[in-house]
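> prediction below, plus the sequence it came from.
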Amino acid sequence: MSLGYYFLLPVLFSFLTPYFKKLGSFTLRGSSILLSLVLFLQTVAYVGVKLPQISQFSIKPPLGIAFILDGYSLLFLLIFTFSALVVSFYMYWFFEENSGRDEARFYVFFNMLIAGSIGMILSCDIFNLYIFFEITGICSYTLSAFNKDKLGLESGIKYLIIGSIASIFIVFAIMLIYLQIGTVNLGLIAQRFHLIDPKISVLIVLMLFIGFGAKAELFPMNFWAPDIYQGSISSVNGLFSSVVAKAYLFVFFHLFYLFNLGSKYMLFVMVIGAITFLVSEFTALNQTNVKRLFAYSTLGQLGILFMALSTNSSQTVSGALFHLTSHSISKLLIFLALGILIHKFKSAKIDILGNFKSGFLTIVLAIGFLSILGIPPFSGFVGKILILKGFALSQNYTAIAFILLVSIVEAIYFFRLTAMMLDKKRAKVTVKVGSVNYIILTLLAVLIILFGVYPSLLTHYTDLATNALLHPTNYLNYALGVGL
Amino acid sequence: MLDFFNNTQTIHMIIIIGSMALFFIGFYGIATQKNLVKVLVSFDIMESALFLFFIGLHYQVGLVAPIVDKNLKTFTSMVDPVPQAMILTTIVIGLAVLALGLSFGIEYYKLTGRNDISKMNELRD
Amino acid sequence: MNSIFLLLNLLPILFLYQFGGALHVSLPLTSEFTLSLIQTPLGTFFAYLSLISFLLVTIAQKSKKLACNYYVLQFLLSMAMLAIVLAGDFITFFIGWEIMTWSSYFLISKSNSIDIKSLQKYILFSLASAFSLIAGIVIAYSFAHSFDFSVISNSFKDMPFNIKVALIVLFSLSFFTKAGVIGLHYWVVDTYSKAPNLFSSILSAVMSKMGIYGLFLVYGNIVGYQELKMMFGTILNGTDFGYVLAWIGVATSIIATFKAITQDEVKRLLAYSSIAQLGYIIAVIGFGTTYGVAGAMYHTLIHTIIKLLLFINVAAIVAQTGKNRFSQLGGLIYRTPVSFVMLLIGIIGLAGMPPLGGFASKFMMYNAAIDTKFALILIGMLFSGAASFLYCYKLVYGIYLGHPTSKNLETTKEVPISYLIPQIILALLLVLAGTFPGAFIKIINPILVEFSLSTIPYSGLGVMNSAVGSFNGFFIMSAFVVFFVLILLLITRIKSKAKNNLNRFDISYCGEVPTQDTSLHFGFGFGTDLYRIKFVNAILKRSSSSFYESLATQTKKTSELFSRMYYGNIHNTMIIILLFFSTLFFIGVN
């Protein structure tokens, strides 16, 4: 199956959505589940296949457009399609409960969001990448404004404004690249990037940094992020946290290592990541809205990932990719479980949400929390210890001390929430979990534990991804069309 | 008298200066304006500046537009078509974002009667 | 439910016994980590200690109707501790350590009297301890390129001096927090007193011992006492390092003893007493001599037995009466005589009086101090040992003697048999430990060999040898039993003649006639007079809480400061992005 279906199928389903809507809401919801399932299964089918894989359209690269799947994008593809599958099941429950909502609008943009995110990680030409970036952007603005109330629209507008700034920077960078090198193919750019006048190259790098960094929620550019999370529904929060932010992060580091910027900008990205981590974890302490709180937590984890991914050492990067996968699963679990509570209580205030009584939700949320904190035997632990180990091997003790100290701050609010859940005096309102949610939350929790006790399942793919990320020779050959 | 305009370098200089001026007008707009519509317009101005800049720098005196018709004899006599294709796509995307932004703005204005982006601060703890 | 988990708890003991020291398992987790379990004499000692404690506590839990998840968590906790003590590498150790942390956290949260603040205190200190541990682990890894104990131990000598010191400090901080050294004990008292009553016994008796195990592991196995001596030099007959550690331990023990005396809540007193007793262990653990290690080890054993006994005893009384303060208890000796005897045995052990095991362990520790010529340390230890008599006395008097402070205390029944069985077993163990201290020499000698220290000569089951003298526990016990029986006979003869028909209000003091509201109980306000002693007052007034509270306030202030940036003005956010870009651009271009 061609890689192009990753984009074509969701777009087809999006365009068919009005037709599905006529057939009834079951078909509409089912179609999205079917789509995610097909995409996920297709991705699973790529596991074990010789990588990289390439699908070219009409003309052969570097002149034509192509999608390339290497080890690095395979890991993200697995995360994205799995998250989409889980969220589409969850939305089945969501629309059963909120029957009056505009389902078709959600599914159009949901399918396109998946298409855009996947396109971003597959496309091997920077202009296509920009188009997918914009598709993802437009879909996420609309999804964050899915609640057409004041808060929803506000978050939509804010996201749109930030997205516009980011896209202007990226367009500018692409134009400069084209003016300097005369190509938009990533392989050719990577090959000729060092030929660019150093001043212009600094400008290009900075523009790409601002463009993708603002979207990937790096520190001085992330003041909007918690607002977006607060204004949107919690399944969309889960998507933002585990798919959209990760897609921007993917592109950031893909370009970072393709253009070989590691030696020059490593310290800078690391410091920015560290500041992001520090500021967000401290800010999270002071929150009373659970969505904002986990938005800050997401920012913090992205900070660690930026710190670890920029190190250019295979140990740390592999650990970071493990941590990224585990964080995606955990955050999805947390946001979906919170969605059930928010639906029940019609509020996102921690004080109100803390009154729920449900053994199942307590357990799965606690598993999610412990995993994000990096406590064994959950998957977050393996990621964190691999990152720490990587830093130790490069004798970067400052980073180790920093991560551990800030993690204690992180623990303060995670365990405050846990203590609230466990408080017997609070537990008053019994919350029933529907069978669909029961299955998906159990699945996510089991995955967290499974990756924690048997990490070899995942380390195989993170090692592949690390190798593809740090040594993109094969990728470059394919992108240049060598031997096709 | 206006022959010196027929010089590629001069045209490029004019385009650089003009598009930069336009870009900074847009820049000034987003830095100072708080009305959502004006901000969106400023974005559009900035984008237009970029388009002009990009297309303009690929124009060379004596070359024709990359459209297949009777004037186009050889492929060497036309300007590079890739920037034009890219800009066309970008214009469409920009239009879509602008339309989306305006529709959000209208809905928001209907609900609250406000369009000042610095006063959109109901999303807070 | 109880019986199932009783059997489940029995299984690992049998399993361990079956292996008999030859356990060696390794399980590859990923290509980089391998989990390995190795049975060393040190680990085996602690393994049996913790497993038997869990078994006894499970017996005591028979009378409580506990949910299944409580038992599951408790079993998980015991397995985590087993993983800690049998670990052959730091990853296994750390996994056990963290599972111990969170499973105990969830167990503590099941208490009715727990509040969020105490839970937060507990988990944050535990995590700080764990993070300090993991920092040490990865730093050690960066030099040894392995997590294996033996590999790290071998490459320790080649590390730079500052790294060695950093490792020792990080590991010590982690284990000190678990053991509750003064300054790091902020979480201990609240947690022990607010945890479920029977679970407090596990916390105090077993979990704090994991800190001690860690110290033994690091000082004895990873670093090695020889290496400590070479690194820091010697003072008198011990090491410089041991001297510093001894002062930390003695200070812990003295301060905690005084704090214990002034407590009104029974479990808080026991918590402080636990801190004080662990202070002794920490005082002698760094001596680096045979008798230092032996004393620390013996006291670990004795303290585990005593604290289990006392906490189970108190838990039974609290369950029976519903009161947990000395000022609300009293006079229970007639109602619950068996419990009284058990508590009496416990405090005799705690005070370190012959003929019970407590004496033997104190004897070893004092001897170790004499052996190393740490005279001031010895004085400090003797001082806090003497002061500990006061809280021991308060314990027995406040609960069992004097007048009952309320009516329902007069109708209390003896505690359920399930509480008494473990107490009786523990009391017997305590008696045996006092009677046959020589048996312990046989246990400790392999551990001393493991630490490459000289062994203790063994001369009979009843004889405890040490550097400066020996005593025959069997002889003392026999003499004691004879005298005890004689005196008991005498008292019962006298008592049968005395008349006991006085009312508790048949007194007047300072011309005042006590009313029903006046508390005549001796336990009421016991120890408050200590505040009048300047030196003690200075100790009691000071508290580490102000430091940690201000730390919490600082964190909160920082958080508020940072969250002021996220106030949701998109216009300013845009300007910040543009400014950030311009700044970076100017820095980058120049």
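Thanks, I have the structure now.

> now the strands for the chain?
Here I'm looking at chain A. For chain A, applying DSSP state E gives strands covering A:53-57, A:65-69, A:356-357, A:429-430.

> sorry, I should have been clearer: chain C.
With strands called from DSSP E, chain C shows them at C:24-28, C:34-38, C:234-235, C:238-239, C:463-465, C:470-472.

> so which residues make contact with the third one?
Put plainly, it is strand C:234-235. Around strand C:234-235, the neighbours that count as contacts under C-beta atoms under 8 Å, 6 or more residues apart in numbering or on different chains are C:Asp240, C:Tyr243. Heads up, the C-betas are built off the backbone N, CA and C, glycines and all.

> okay, the closest residue to C:Ile424 other than its chain neighbours: pLDDT?
Using C-beta to C-beta, 6 or more residues apart in numbering or on different chains and skipping residues adjacent in sequence, the residue nearest C:Ile424 is C:Met342, 7.0 Å away. Per-residue pLDDT puts C:Met342 at 93.

> what about C:Met342, distance to chain A?
32 Å (C-beta to the nearest C-beta, to the nearest Å).

> surely that residue and C:Val314 touch.
No: using C-beta atoms under 8 Å, C:Met342 makes no contact with C:Val314, being 10.7 Å away.

> tabulate the strands of chain C (a markdown table), appending mean pLDDT, mean neighbour count and distance to C:Thr290.
A markdown table is the format used below for the strands of chain C (pLDDT from 0 to 100; neighbours: other C-beta atoms under 10 Å in any protein chain shown; distance: least, C-beta to C-beta, whole Å):
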| stretch | mean pLDDT | mean neighbour count | distance to C:Thr290 |
| --- | --- | --- | --- |
| strand C:24-28 | 82 | 12 | 27 |
| strand C:34-38 | 88 | 19 | 24 |
| strand C:234-235 | 83 | 16 | 15 |
| strand C:238-239 | 83 | 26 | 12 |
| strand C:463-465 | 85 | 22 | 11 |
| strand C:470-472 | 85 | 18 | 14 |
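
> any low-confidence regions in chain B?
Low-confidence segments of chain B, defined by pLDDT under 70: B:1, B:71-73.

> got the residues of it near chain C?
B:Phe27, B:Ile30, B:Ala31, B:Lys34, B:Ile117, B:Ser118, B:Met120, B:Asn121, B:Leu123, B:Arg124, B:Asp125 (C-beta under 8 Å from any C-beta of the partner chain).

> now the stretch 251-400 of chain A
A:279, A:282-287, A:366, A:370, A:373, A:375-377, A:381-382, A:385-386, A:388-389, A:391-393, A:395, A:397, A:400.

> what number of residues lie near C:Leu343?
27 (other C-beta atoms under 10 Å in any protein chain shown).

> one step back: restricting to the residues of chain B next to chain C, which residues neighbour chain A?
Near chain A, by the rule C-beta under 8 Å from any C-beta, you find B:Ile30, B:Ile117, B:Met120, B:Leu123, B:Arg124, B:Asp125 out of those.

> so what's the fourth one closest to, chain neighbours aside?
The shortest distance from B:Leu123 to any residue that is not its chain neighbour, by C-beta to C-beta, 6+ apart, is 4.0 Å, and that residue is A:Asp227.

> what sits against that neighbour?
A:Asp227 makes contacts with A:Glu154, A:Ser155, A:Lys158, B:Leu123, B:Arg124, C:Gly568, C:Ile570, as judged by C-beta under 8 Å, 6+ apart.

> for A:Phe82, see how far away the second one is.
Here the distance between A:Ser155 and A:Phe82 works out to 26 Å (C-beta to C-beta, to the nearest Å).

> more neighbours: which of those two?
In this view A:Ser155 and A:Phe82 are compared by other C-beta under 10 Å, and A:Ser155 has more residues nearby, 30 against 24.

> now do the more buried one against chain B, distance only.
6 Å.

> picking up where we left off before, which of the strands of chain A sits most buried?
strand A:65-69 (a mean of 24; mean count of other C-beta atoms under 10 Å in any protein chain shown).

> now the angle from it to strand A:53-57?
With axes from the mean of the first three to the mean of the last three C-alpha atoms, to 10 degrees applied, the angle from strand A:65-69 to strand A:53-57 works out at 170 degrees.

> what residues does strand A:65-69 touch?
Strand A:65-69 is contacted from outside by A:3-4, A:6-7, A:46, A:51-60, A:77, A:119, A:122-125, A:128, A:475, A:478-479, A:481, using C-beta under 8 Å, 6+ apart.

> ok, now with 7 Å
For strand A:65-69, the surrounding residues in contact (C-beta atoms under 7 Å, 6 or more residues apart in numbering or on different chains) are A:3-4, A:46, A:51-57, A:77, A:122-125, A:128, A:475, A:478-479.

> then stretch C:190-205?
Residues outside stretch C:190-205 that contact it (C-beta under 7 Å, 6+ apart): C:53-54, C:57, C:60-61, C:104, C:107-108, C:110-111, C:113-114, C:118, C:121-122, C:265, C:267-268, C:270-271, C:274, C:304, C:307-308, C:311-312, C:315, C:318-319.

> then that stretch to CSV, C-alphas only?
This file holds the C-alpha atoms of stretch C:190-205, laid out as CSV (Å, rounded to 0.1, in the frame of the first residue of the first chain):
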residue,chain,number,x,y,z
ASP,C,190,3.2,12.7,61.1
THR,C,191,3.3,9.7,58.8
TYR,C,192,3.8,7.1,61.6
SER,C,193,1.2,8.6,63.8
LYS,C,194,-1.5,9.1,61.0
ALA,C,195,-0.9,5.9,59.1
PRO,C,196,-3.3,2.9,59.8
ASN,C,197,-2.4,1.7,63.2
LEU,C,198,-1.1,-1.7,62.3
PHE,C,199,0.7,-0.3,59.2
SER,C,200,2.7,2.1,61.4
SER,C,201,4.4,-1.0,62.8
ILE,C,202,5.6,-1.9,59.3
LEU,C,203,6.7,1.7,58.7
SER,C,204,8.7,1.9,61.8
ALA,C,205,10.0,-1.6,62.1
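
> need the helices for chain B, in chain order.
B:8-32, B:36-57, B:81-112 (DSSP state H).

> which helices and strands does the second one pack with?
Right, helix B:36-57. Packing contacts for helix B:36-57, counted by 3 or more C-beta pairs under 7 Å, 6 or more residues apart in numbering or on different chains; DSSP states H and E, involve helix A:150-181, helix B:8-32, helix B:81-112.

> interface residues of chain B facing chain A?
B:36, B:39, B:43, B:46-47, B:50, B:54, B:57, B:83, B:86, B:89-90, B:93, B:96-97, B:100-101, B:104-105, B:107-108, B:111-112, B:117, B:120, B:122-123, B:125 (C-beta under 7 Å from any C-beta of the partner chain).

> the same query, at a cut-off of 6 Å, please.
B:43, B:46, B:50, B:54, B:86, B:93, B:101, B:104, B:107-108, B:111-112, B:120, B:122-123, B:125 (C-beta under 6 Å from any C-beta of the partner chain).

> name the nearest residue to the residue most central in space within chain B, ignoring sequence neighbours.
Compute the mean C-alpha point of chain B, and by C-alpha atoms, centre = their mean the closest residue is B:Ser48, 1.2 Å away. Once flanking residues are discounted, B:Ser48 sits nearest to B:Leu22: 6.6 Å by C-beta to C-beta, 6+ apart.

> give me the number of residues near that neighbour?
B:Leu22: 19 neighbours (other C-beta under 10 Å).

> just to check, it is in contact with B:Leu50?
No: applying C-beta atoms under 6 Å, one finds B:Leu22 not in contact with B:Leu50, separated by 9.0 Å.

> tell me the residue of the stretch 301-450 of chain A that sits nearest chain B?
In the stretch 301-450 of chain A, the residue that lies nearest chain B is A:Lys349 (9.8 Å; C-beta to the nearest C-beta).

> and for that residue, the neighbour number?
By the measure other C-beta under 10 Å, the count of residues near A:Lys349 is 13.

> with C:Thr492 instead?
With other C-beta under 10 Å as criterion, C:Thr492 counts 9.
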